[in-house]
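Student: Structure for the following, please:
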Amino acid sequence: MSGVGKEHASVRLIGGYARGDAGIAADEVWALEAHLETCAACRARLSDAVETGVPAVASLVGAVWSGLEPGLDTAATMPARRWRRPVWLSAWLTPVMAPWLAMTVGVVLIALALDLAGPGFGEVSLVLLLAPVLPLCGVAASWSRGLDPAYELTAAAPRAGLYLVLRRTASVLAVVVPALLAAGWPAGVSAAQWLLPCLALTSAALALGGVFGVTRAALGLMAVWAAGVMVPSLVTRSESAFLDTSGLPVWGLLLALGTGVVTARRGAYTTVPGVSR
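Tutor: Numbering: from 1, shown residues only. Next up, the predicted model:
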């Protein structure tokens with residue numbers, strides 16, 4: 001960002017941040033807060049800027065601290081937990097994602113069992129039909145306000161922009177894609193048929209998520225896929241043309257377009273509405 005250099009944040013940016021200047025761009029605020037996490041010198045400069053530039057805030061903080069300090073020594077401490085989730089795991093996954101990912105893997109196993117049970121749907125493979133949209137279930141759950149009790153804290157964190165969106169999406173793909181690869185082999189489904197559509201739809205969900213919210217975008221694409229691809233294939237008992245290998249260049253173009261939109265509009269993910277609505 002223009003106000004945050006390689007070493008320290010600029011005096012202009014720190015002063016404006018201390019005063020609560022509404023004119024600072026959202027991406028500059030995000031960059032400054034991320035920088036303050038690791039730079040003690042800039043945190044000290046921010047403290048000085050608050051004391052000199054915003055004395056009312058400094059006075060309020062001092063009053064609150066003076067009221068809390070006497071009770072800190074006598075406050076009961078929480079017992080140490082036997083197991084604490086590693087910090088790196090918290091950066092990639094949320095507690096709410098675990099059951100959704102388990103459910104997604106369960107759906108893959110059920111689809112595989114139905115494929116192996118016999119030609120109940122003709123030439124249609126349920127594993128193949130579900131593979132492109134299954135990661136969208138985890139992506140939608142990753143940013144659901146109703147499912148994540150810590151949504152507000154997460155969305156307001158300094159790194160709650162595209163950085164966190166991509167991390168959570170990658171964690172979903174890291175679980176779902178291997179499960180689909182394992183199920184595709186006994187079902188006779190080639191990864192060449194579904195992997196590119198899977199990545200393309202995931203990138204499309206993120207691209208549309210910058211406008212409508214990631215959860216809404218993922219659920220919307222799942223509904224479109226179900227109505228436009230899954231239902232017609234099951235009714236006609238034939239493989240959809242959308243999953244034919246001849247259409248892979250189109251899926252590749254969609255993947256490139258979605259990636260380009262996400263990159264070009266990365267600033268849309270630095271505010272709370274841009275992450276999920």
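Student: Alpha carbons of stretch 211-218, in PDB - could you do that?
Tutor: Once non-C-alpha atoms are left out, stretch 211-218 reads as follows in PDB (Å, rounded to 0.1, in the frame of the first residue of the first chain):
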ATOM      1  CA  VAL A 211     -20.400  -8.500  -5.200                       C
ATOM      2  CA  PHE A 212     -23.100 -10.700  -3.700                       C
ATOM      3  CA  GLY A 213     -21.100 -12.400  -0.800                       C
ATOM      4  CA  VAL A 214     -19.300 -15.600  -1.000                       C
ATOM      5  CA  THR A 215     -22.000 -17.700   0.600                       C
ATOM      6  CA  ARG A 216     -24.800 -16.400  -1.700                       C
ATOM      7  CA  ALA A 217     -22.600 -16.800  -4.700                       C
ATOM      8  CA  ALA A 218     -21.700 -20.400  -3.800                       C
END
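Student: residues making contact with stretch 235-254?
Tutor: Residues from elsewhere that reach stretch 235-254, judged by C-beta atoms under 8 Å, 6 or more residues apart in numbering: 121-125, 128-129, 132, 192-194, 196-197, 200, 203-204, 228-229, 232-233. All C-beta atoms are positioned from the backbone trio N, CA, C, and that covers glycine.
Student: longest helix anywhere in the chain?
Tutor: The longest helix of the chain (DSSP state H) is helix 162-187.
Student: Please name every helix or strand in contact with whichever helix or strand comes after it.
Tutor: Next along the chain after helix 162-187, taking DSSP states H and E as the criterion, comes helix 191-212. For helix 191-212, the packing partners by 3 or more C-beta pairs under 8 Å, 6 or more residues apart in numbering; DSSP states H and E come out as helix 134-142, helix 162-187, helix 214-225, helix 248-264, helix 272-275.
Student: hey, which of those is tucked in deepest?
Tutor: Each of the helices and strands packed on helix 191-212 was scored by mean neighbour count; the highest is helix 134-142, a mean of 25, by mean count of other C-beta atoms under 10 Å.
Student: what is the orientation angle of that helix with helix 191-212?
Tutor: Computed by axes from the mean of the first three to the mean of the last three C-alpha atoms, to 10 degrees, the angle separating helix 134-142 from helix 191-212 equals 30 degrees.
Student: Return the alpha-carbon coordinates of helix 134-142 using CSV.
Tutor: C-alpha atoms of helix 134-142 as CSV (Å, rounded to 0.1, in the frame of the first residue of the first chain):
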residue,chain,number,x,y,z
LEU,A,134,-19.1,-30.2,-3.9
PRO,A,135,-16.3,-27.8,-2.9
LEU,A,136,-18.9,-25.0,-3.0
CYS,A,137,-20.6,-26.6,0.0
GLY,A,138,-17.5,-26.0,2.1
VAL,A,139,-16.8,-22.6,0.7
ALA,A,140,-20.4,-21.5,1.5
ALA,A,141,-20.1,-22.8,5.1
SER,A,142,-16.7,-21.0,5.5
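Student: can you tell me which residue is nearest the centre of this protein?
Tutor: Centroid-nearest residue in the chain, with C-alpha atoms, centre = their mean: residue 165, separated by 3.0 Å.
Student: wouldn't that one be in contact with residue 205 here?
Tutor: No - using C-beta atoms under 8 Å, residue 165 is not in contact with residue 205, being 10.2 Å away.
Student: any common contacting residues for these two?
Tutor: When contacts are counted by C-beta under 8 Å, 6+ apart, the set common to residue 165 and residue 205 consists of residue 214.
Student: Which strands or helices does the longest helix of the chain pack on?
Tutor: Helices and strands touching helix 162-187, by 3+ C-beta pairs under 8 Å, 6+ apart, are helix 87-92, helix 97-117, helix 126-130, helix 134-142, helix 191-212.
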